[in-house]
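> my questions are about this predicted structure, shown below with the sequence.
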Amino acid sequence: MAASLLDLQVALQLPAFSLDVNLKVAESSVVLFGPSGAGKSLLLQTVAGLAQPDAGRIVVKDRVLFDRKMGIDLPPQQRRVGLVFQHYALFPHLTVEQNLGFGLKRAGRGDPQVAEMASMLRIDHLLDARPGVLSGGERQRVAVGRALLPGPDLLLLDEPLSALDTTRRERLRWELLEITAKLAIPTIFVT
């Protein structure tokens, strides 16, 4: 059997909701789907470190991100997990180039990577623009690029296409598959 990309056992109790998941993923791309309110986004947030489980363990590529019993809880910036939110979460006061490069500042990398990613995502002509003037599809490309540039071990996509019309949704879905395959970044896609 192939080694697990993601080994996840988490339990989280909220006032009106209980999340209890046991999941092992060995594939490079996985789609999680279910009804609204089922806990899909919350599950991604626990992997990214934005929500803390009450119990359990999260391991990505043999690297322990969270283990309640062992007292391990890496902060989000140390998890090497890229997260793309449903509603982009771009910085409105920054340009496309600055949004793309945001995660690279800590890594000490330069602008050539930003230009290359912008070209790959077909937004290189928008580098000086601010998010407010971009279409939904362009904003989502910026969000995806920002998540990919630091070279995450895992990419989490939280309903990234839900705000797009059918034509753009279909086009971007194929482009996302192509880009993540080209960069060899395992992906969990929530829809």
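Sure thing, it's come through.
> which strand or helix spans V142?
helix 136-148 (DSSP states H and E).
> what is the orientation angle of the helix or strand following that helix with helix 136-148?
Tracing the chain past helix 136-148, the next element assigned as helix or strand by DSSP H and E is strand 154-158. Going by axes from the mean of the first three to the mean of the last three C-alpha atoms, to 10 degrees, strand 154-158 is angled at 150 degrees with respect to helix 136-148.
> show me what the host helix or strand of S119 packs onto, helices and strands only.
Remark: S119 resides in helix 111-120, with elements defined by DSSP H and E. Helix 111-120 sits against helix 96-101, helix 136-148, with contacts defined as 3 or more C-beta pairs under 8 Å, 6 or more residues apart in numbering; DSSP states H and E. Placement of C-beta: from N, CA and C, glycine included.
> could I get the ones you listed as CSV with mean pLDDT and mean neighbour count?
As requested, the helices and strands packed on helix 111-120 are exported to CSV (pLDDT from 0 to 100; neighbours: other C-beta atoms under 10 Å):
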stretch, mean pLDDT, mean neighbour count
helix 96-101, 92, 24
helix 136-148, 91, 24
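> between these, which gets nearest to P75?
The closest approach between P75 and any of the helices and strands packed on helix 111-120, judged by C-beta to C-beta, belongs to helix 136-148 at 16.9 Å.
> what are the buried residues along the helix or strand harbouring E178?
Counting by DSSP H and E, the secondary-structure element that holds E178 is helix 166-183. Residues of helix 166-183 classed as buried under the neighbour-count rule (16 or more other C-beta atoms under 10 Å) are 168-169, 172-173, 175-176, 179-180.
> hey, which helix or strand in the chain has the poorest pLDDT?
The helix or strand of the chain with the poorest confidence is helix 104-107; it has a mean of 60 (mean pLDDT, DSSP states H and E).
> what's the closest non-adjacent residue to D128?
Across the structure, with C-beta to C-beta, 6 or more residues apart in numbering as the measure, the residue nearest D128 apart from its sequence neighbours is T95 (5.5 Å).
> do the same with G56
The spatially closest residue to G56, leaving aside those adjacent along the chain, is V10, at 3.8 Å (C-beta to C-beta, 6+ apart).
> ok, the one you found to V47 distance?
Look at V10 and V47: by C-beta to C-beta, to the nearest Å, they are 9 Å apart.
> can you list residues touching both of these two?
By the contact definition C-beta atoms under 8 Å, 6 or more residues apart in numbering, V10 and V47 are jointly contacted by I58.
> so who does the residue most central in space within the chain touch?
Within the chain, the residue whose C-alpha comes closest to the C-alpha centroid is L83; the distance, by C-alpha atoms, centre = their mean, is 2.2 Å. Going by C-beta under 8 Å, 6+ apart, L83 touches 44-45, 48, 50, 147, 155-156, 158.
> at 6 Å what do you get?
When contacts are counted by C-beta atoms under 6 Å, 6 or more residues apart in numbering, L83 touches 48, 156.
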